[in-house]
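Peer 1: Next input, structure requested:
(one chain, ligands or ions: 1)
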Amino acid sequence: MDAARVGVITFPGSLDDRDAARAVRLAGAEPVALWHADDDLRGVDAVVLPGGFSYGDYLRAGAIARFAPLMEKLVDAARGGLPVLGICNGFQVLCEAHLLPGALLPNAGLHFVCRDQRLRVDDADTAWTRDYTAGQEIVVPIKNRDGRYVADPDTLAELEGEGRVVARYLDLNPNGSLNDIAGVRNEAGNVVGLMPHPEHAVESLTGPSTDGLGFFTSIVKRLVEA
Ligand SMILES: NC(=O)CC[C@H](N)C(=O)O
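Peer 2: Have a look, this model is predicted:
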């Protein structure tokens, strides 16, 4: 059987697209490079929006990238069930594109935060988290300036009530995110946004742990079984 094909979108300013592609490959899938200016998802089985500084974070982080030609195809495909993972800047793009609720604002204290962060996986039922168990604690790097997750009270109550908070910060909240939220999912569970960087925790030689690999093995298993 051919390997699952997972697209990784590169925007002008993307920084972690090659790391995301490496994580996809380590998980046993074929990474497929996707370009922001194209209008073809190349028949991929899932898509990762990587971290970085798309369009230099001008206006707001992710605010310009969400208008890239490829995003029109991605939004339609995601609404049709395509599995999509937004990592950091990718999460910001997904919120700007209204594929996920809420917004990412400048960190409390207005500092760029870069460190290894303890997280708890609270939703292990998404396309990207089934290789974890609910409540599992992991260590994954964070590195962002606009990591403070916010949403209006009704949206926050909906996310909590429907179990759509995918991961939470443990120990010291690094950025003031409401309810220590580090990642959320859409209602269907195919779209996940995460501020921490699991692609930087897939090999013990180059990261604080291999705790991030599960996001990529989860989607590969999901696609193989589909
Ligand atoms: N590592 C990243 O993807 C950074 C995202 C965004 N540029 C920020 O600083 O918040």
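
Peer 1: Let's verify Ala33: helix, strand, or coil?
Peer 2: strand (DSSP: H, G, I helix; E, B strand; the rest coil).

Peer 1: List the contacts of it.
Peer 2: With contact taken as CB atoms under 8 Å, 6 or more residues apart in numbering, Ala33 is in contact with Gly7, Val8, Thr10, Asp17, Ala21. The way it works is simple: take the backbone N, C-alpha and C, and place the C-beta from them, glycine included.

Peer 1: Okay, and the beta partners of it?
Peer 2: Taking DSSP bridges as the rule, Ala33 bridges to Val8.

Peer 1: Tell me how far it lies from the ligand.
Peer 2: To the ligand, Ala33 is 18 Å away according to CB to the nearest ligand atom, to the nearest Å.

Peer 1: State the distance from that residue to Gly163.
Peer 2: Separation of Ala33 from Gly163 (CB to CB, to the nearest Å) stands at 34 Å.

Peer 1: do Arg18 as well
Peer 2: Arg18 is 33 Å from Gly163, by CB to CB.

Peer 1: With Asp171 instead?
Peer 2: In this view, Asp171 and Gly163 are 23 Å apart by CB to CB.

Peer 1: out of these two, which sits in the more crowded spot?
Peer 2: Higher neighbour count among Asp171 and Gly163: Gly163, with 13 against 9, using other CB atoms under 10 Å.

Peer 1: Was I right to think the more buried one contacts Asp123?
Peer 2: Yes. Contact between Gly163 and Asp123 holds when scored by CB atoms under 8 Å: they sit 5.6 Å apart.

Peer 1: Strands of this protein, start to end?
Peer 2: Ranges of strands within the chain are 5-10, 30-35, 46-49, 84-87, 103-105, 113-121, 136-144, 148-150, 165-169, 181-185, 191-194, based on DSSP state E.

Peer 1: Much appreciated, bye for now.
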